[in-house]
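**Student:** with the sequence up front, the predicted model follows.
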Amino acid sequence: MESEAIQDELQSLELEINDVQGQISALIEHQDRLYERKSELKTLLKAVTAGTPVASSCPAVENWSEPFEWDSRADDIRFNMFGISKYRANQREIINAVMAGRDVLVIMAAGGGKSLCYQLPAILRGGTTLVVSPLLSLIQDQVMGLAALGISAYMLTSTSGKENEKFVYKALEKGEDDLKILYVTPEKVSKSKRFMSKLEKCHNAGRLSLISIDEAHCCSQWGHDFRPDYKNLSILKTQFPKVPMVALTATATQKVQNDLIEMLHIPKCVKFVSSVNRPNLFYSVREKSLVGKAVVDEIAEFIRESYSNNESGIVYCFSRKECEQIAGELRERGISADYYHAEMDVNLREKVHMRWSKNKLQVIVGTVAFGMGINKPDVRFVIHHSLSKSMETYYQESGRAGRDGLPSECVLFFRSGDVPRQSSMVFYEYSGLQNLYDIVRYCQSKTKCRRSAFFRHFGEPSQDCNGMCDNCALSSEVKEVDVSDLAKLVVSMVQEMQAKDQRVTMLQLGDKLRTKHKDLSAELKREEIEHLVIKLIVDSVLKEEFQHTPYSTNAYVTMGPLANQLLQGRKTIKTETSSRQMNKKSKRSSSLSGLESKLDELRKEISAAHGSMLPHTVLSTQQIGLISSQKPDSLQELESIIGKLKTDKYGDKILKVMRHDAVSEQHVEDATKDETCKRRSSKRAKTQKDVVLLESSEEEEEA
Ligand SMILES: Nc1ncnc2c1ncn2[C@@H]1O[C@H](COP(=O)(O)OP(=O)(O)OP(=O)(O)O)[C@@H](O)[C@H]1O
Ligand SMILES: [Mg+2]
């Protein structure tokens, strides 16, 4: 008996030691990330306090904005060949640095105009420019676009055919034919010896004039889209040290930037970092209801209501199956939509992409495979049916909207239940879970400016959002609720189950909690418990653990490093509730009443006059509803509905519309009253003639 008890105790100690070991390594990893973040923020703080503009490009020593001898030729090519009237921020300086033979690193927002930064120098410098780009669709897009401008651009890819390959190899070797720009995938560089030997010949003849690495974030394993073949691109600088290299990307944190510079061997490169800000994009997060097809109904209504003139849009879904399902359900609701994912036959995919590019299809419902380099400039909305796996991925996918600079919208439908299926996909990636939890925080916040989350993530000083996100634009009373007691219940339940060596998923946890605490289940909906569990995970009170099964990976909830702090009352948990959700629930039917349609007209006028504002950032549909129902008749009262910012800006115009409407309502009322009286008196006259009135209802008497 004695030895058995000792055995048991030894065993449970063993278990506990392993568990503590796990927690220690998790905390050490967590600490590493905190140190990293700390050094990023210190750099950022230095930049902010020194007042150096974010777009501070190169060391003060070189001034790339001064005149250069190639200016007039560059302007001529930009205007007459590319049809571009003026440079965007940093473009000219980047081109000058490339022309001066420097290695250059370009961090520029999605749609910012990075392609021009290597395409224009390719023309100016003569010889051949090699462009490495990760995606066939992206390469095709660019080669077709350049060929249409009469620029001799070719590609060497798996689909480019024998003839084309022969021409390109001969041009590389002999240099007789005009080969201005050659696009290849990174595989070509890392796998084809034949290609590299031809490139060598071109270089030795002094005709390799520039190397460009587009979507360069793929080099870094800390980037959100790492491609192993990009790792071998370092041979380019080794083999052709004198040929200037320009690496470009839209999404690169400080860490990824340093990684790129090292990987590509361009330590002395000039760095141009433009702001990641996309001022014309309106970001919003909506609650994703689980009731039946409510989400698709809401998406369809959103598209019909705001984009009824066939404006192009993208809906991103988590899986291939969901893509096909959502595309079908949107079509059932009258939206011209089709799906796009990696399992489709390449030609079918191309066809869908082409139809959408030519506006024959309004909405593409795609997975992340509908990815980089989607260059359609007039995408008016990007909707995420589920959250992306990281802030960077979301920035890039939502960044496909509004590349022409016009107002566009990025809507993310979020529900906590979507988190485990993402986490079980990314947990093994380096900082995969932390990246995911960052975007979960972005979705859960009902107060923080959405734009500021991007600035923080990319280590950039914050800029004004101009009301171009839901948390800034829609004033709503957000209350903080202390849910520590409920959180303790949840955590103790996890603790009990863990002690019995039972595993529990988030869903099972919610069900067990409601069964065990009947009183709770009355007021607590499933989503709210899920929301709390995810918040506890994101706050490291609970932790996700994963177990592979032959068919899938299950995400289980276990005690996190800060669980005891909560249980011992040293930590509180607060969640935000906002009136905005209630407004949405009390959403009126789509037909607007008289006053509402006048306010709708007013917001459209203001947005058109303002240029870069969307109608519903002037006044949201909810705010129009509130104004129409509450009928404020002073700026004071109006301010309590739409906040100070908007009252100052539009208050007078709104009250004017209301007064005008009240007057015309009065006229209409009088006229209707007259009309009713006339109708009733003629009706009564008629009735008296024919029959004795058997009884007169109160109402009749009244009239
Ligand atoms: N100076 C400019 N003025 C007006 N339009 C421009 C200018 N430079 C580029 N463009 C246009 O902006 C659009 C986006 O350019 P480009 O594809 O180079 O963006 P990008 O920075 O590569 O975006 P992404 O990060 O998504 O790849 C293109 O249609 C391009 O023709
Ligand atoms: Mg690009």
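**Tutor:** On my side now, so go ahead. Ligands and ions are numbered 1, 2, ... in the order given.

**Student:** all contacts plus neighbour counts: C-alpha atoms, from now on.
**Tutor:** Fine.

**Student:** that's a strand at Asp338, yeah?
**Tutor:** Yes. Counting by DSSP: H, G, I helix; E, B strand; the rest coil, Asp338 is found in a strand.

**Student:** what confidence value was assigned to whatever residue of the stretch 201-350 of the chain ends up closest to ligand 1?
**Tutor:** At 4.7 Å from ligand 1, Ala250 is the closest residue in the stretch 201-350 of the chain, using Cα to the nearest ligand atom. Note on Ala250: pLDDT of 85.

**Student:** how about the residues of the stretch 51-200 of the chain near ligand 1?
**Tutor:** Ile84, Lys86, Tyr87, Arg88, Ala109, Ala110, Gly111, Gly112, Gly113, Lys114, Ser115, Leu116 (Cα under 6 Å from any ligand atom).

**Student:** so where does the third one fall, helix or strand?
**Tutor:** Going back to what we said before, that points to Tyr87. Using DSSP states H and E, Tyr87 sits in no helix or strand.

**Student:** what values do phi and psi take at it?
**Tutor:** phi -70, psi 150 (degrees, to the nearest 10).

**Student:** show only the entries of the residues of the stretch 51-200 of the chain next to ligand 1 found in helices.
**Tutor:** Judged by DSSP state H, these include Leu116 as members of helices.

**Student:** of the residues of the stretch 51-200 of the chain next to ligand 1, which is the most crowded?
**Tutor:** Ala110 (25 neighbours; other Cα atoms under 10 Å).

**Student:** the residue nearest to that residue when sequence neighbours are not counted and Asn258, how far apart?
**Tutor:** Leaving out its chain neighbours, the residue that sits closest to Ala110 by Cα to Cα, 6 or more residues apart in numbering is Ala250, at 5.2 Å. As judged by Cα to Cα, to the nearest Å, Ala250 and Asn258 stand 15 Å apart.

**Student:** with neighbour numbers in mind, choose between these two.
**Tutor:** The neighbour count for Ala250 versus Asn258, taken as other Cα under 10 Å, is higher for Ala250 (25 against 13).

**Student:** now do the same contact list for the more buried one.
**Tutor:** Ala250 sits next to Ile107, Met108, Ala109, Ala110, Glu215, Val276, Gln396 when contact means Cα atoms under 8 Å, 6 or more residues apart in numbering.

**Student:** can you check Ile261 too?
**Tutor:** Counted by Cα under 8 Å, 6+ apart, Ile261 has contacts Leu105, Pro267, Cys269.

**Student:** report the secondary structure state of it.
**Tutor:** helix.

**Student:** hang on, the earlier thing: next one: phi and psi at the residue nearest to Ala110?
**Tutor:** According to degrees, to the nearest 10, Ala250 has phi -100, psi -20.

**Student:** pull stretch 627-637 out as CSV, backbone CA atoms only.
**Tutor:** Extracted in CSV, the C-alpha atoms of stretch 627-637 (Å, rounded to 0.1, in the frame of the first residue of the first chain):
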residue,chain,number,x,y,z
ILE,A,627,-32.0,60.6,-35.5
SER,A,628,-35.3,59.8,-37.2
SER,A,629,-36.7,58.1,-34.2
GLN,A,630,-35.4,60.5,-31.5
LYS,A,631,-35.9,63.7,-33.7
PRO,A,632,-33.4,65.9,-31.8
ASP,A,633,-34.2,69.6,-32.3
SER,A,634,-30.9,71.1,-31.0
LEU,A,635,-27.2,70.6,-31.6
GLN,A,636,-27.0,69.5,-28.0
GLU,A,637,-29.4,66.7,-28.4
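
**Student:** rewinding a little: in strands, which of the contacts of Ala250 appear?
**Tutor:** Among those, the members falling in strands (DSSP state E) are Ile107.

**Student:** farthest pair in the contacts of Ala250?
**Tutor:** The two members of the contacts of Ala250 with the most space between them (Cα to Cα) are Glu215 and Val276, at 14.8 Å.

**Student:** straight-line length of stretch 561-570, end to end?
**Tutor:** 13 Å.

**Student:** from the residues of the stretch 51-200 of the chain next to ligand 1, pick the one nearest Tyr556.
**Tutor:** Ala110 (36.3 Å).

**Student:** so who does the closest one touch?
**Tutor:** Taking Cα under 8 Å, 6+ apart, one finds Ala250, Thr251, Val276, Gln396, Gly399, Arg400, Arg403 in contact with Ala110.

**Student:** need those in CSV (columns: distance to Ile139).
**Tutor:** Compiled in CSV, the contacts of Ala110 are given as follows (distance: Cα to Cα, whole Å):
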residue, distance to Ile139
Ala250, 17
Thr251, 19
Val276, 24
Gln396, 18
Gly399, 19
Arg400, 17
Arg403, 18
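
**Student:** where does the stretch 101-250 of the chain have low pLDDT?
**Tutor:** 222-224 (pLDDT under 70).

**Student:** domains for the chain, by residue range?
**Tutor:** As recorded under the TED database, the domains making up the chain are 1-33, 70-273, 281-459, 480-577, 594-670.

**Student:** least reliable of these by average pLDDT, please.
**Tutor:** Minimum mean pLDDT among the domains of the chain: domain 1-33, a mean of 75.

**Student:** pull the distance from that domain to the chain's centre.
**Tutor:** The chain centre lies 41 Å from the centre of domain 1-33; the measure is Cα atoms, centre = their mean, to the nearest Å.

**Student:** check stretch 567-576 too.
**Tutor:** 30 Å.

**Student:** residues in contact with that stretch?
**Tutor:** In contact with stretch 567-576 (Cα under 8 Å, 6+ apart) are residues 445-446, 478-484, 487-488, 491-492, 532, 536, 565-566.

**Student:** out of those, name the ones that lie in strands.
**Tutor:** Counting by DSSP E, the part of the contacts of stretch 567-576 found in strands is Val478, Lys479, Glu480, Val481, Asp482.

**Student:** residues near the third one, how many?
**Tutor:** Think Glu480. Look at Glu480: counted by other Cα under 10 Å, it has 12 neighbours.

**Student:** any idea what it is bridged to?
**Tutor:** In this entry, Glu480 is beta-bridged to Glu576, by DSSP bridges.

**Student:** likewise for Gly366?
**Tutor:** Applying DSSP bridges, one finds that Gly366 bridges with Tyr316, Tyr340.

**Student:** what's around it, how many residues?
**Tutor:** 26.

**Student:** isn't it right next to His341, touching?
**Tutor:** Yes. Between Gly366 and His341 there is a contact under Cα atoms under 8 Å: 5.8 Å.

**Student:** for the two, list the residues in contact with both.
**Tutor:** With Cα under 8 Å, 6+ apart, Gly366 and His341 have common neighbours Arg320, Cys323.

**Student:** next SSE downstream of the helix or strand containing Glu9?
**Tutor:** Per DSSP H and E: Glu9 is located in helix 2-50. Moving toward the C-terminus from helix 2-50, the next helix or strand (DSSP H and E) is helix 71-76.

**Student:** what comes up buried for that next one?
**Tutor:** Using 16 or more other Cα atoms under 10 Å as the test for burial, helix 71-76 gives Ala74, Asp75.

**Student:** name the helices or strands packed onto that helix?
**Tutor:** The contact analysis (3 or more Cα pairs under 8 Å, 6 or more residues apart in numbering; DSSP states H and E) places helix 71-76 against helix 116-125.

**Student:** list the helices and strands the helix it packs on packs on?
**Tutor:** helix 71-76, helix 91-99, strand 208-213.

**Student:** from those, which stretch is densest packed?
**Tutor:** Mean neighbour count (mean count of other Cα atoms under 10 Å) peaks for strand 208-213 among those, with a mean of 25.

**Student:** quick one: contacts of that strand?
**Tutor:** Contacts for strand 208-213 (Cα under 8 Å, 6+ apart): 118, 122, 125-133, 199, 202, 243-248.

**Student:** can you select the buried ones from those residues in ChimeraX?
**Tutor:** Restricted to the buried members of the contacts of strand 208-213, where burial is judged by 16+ other Cα under 10 Å, the ChimeraX selection command reads as follows:
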select :118,122,125,126,127,128,129,130,131,132,133,199,202,243,244,245,246,247,248
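
**Student:** next step: the contacts of strand 208-213 restricted to strands.
**Tutor:** Going by DSSP E, the strands hold Thr128, Thr129, Leu130, Val131, Val132, Met245, Val246, Ala247, Leu248 from the contacts of strand 208-213.
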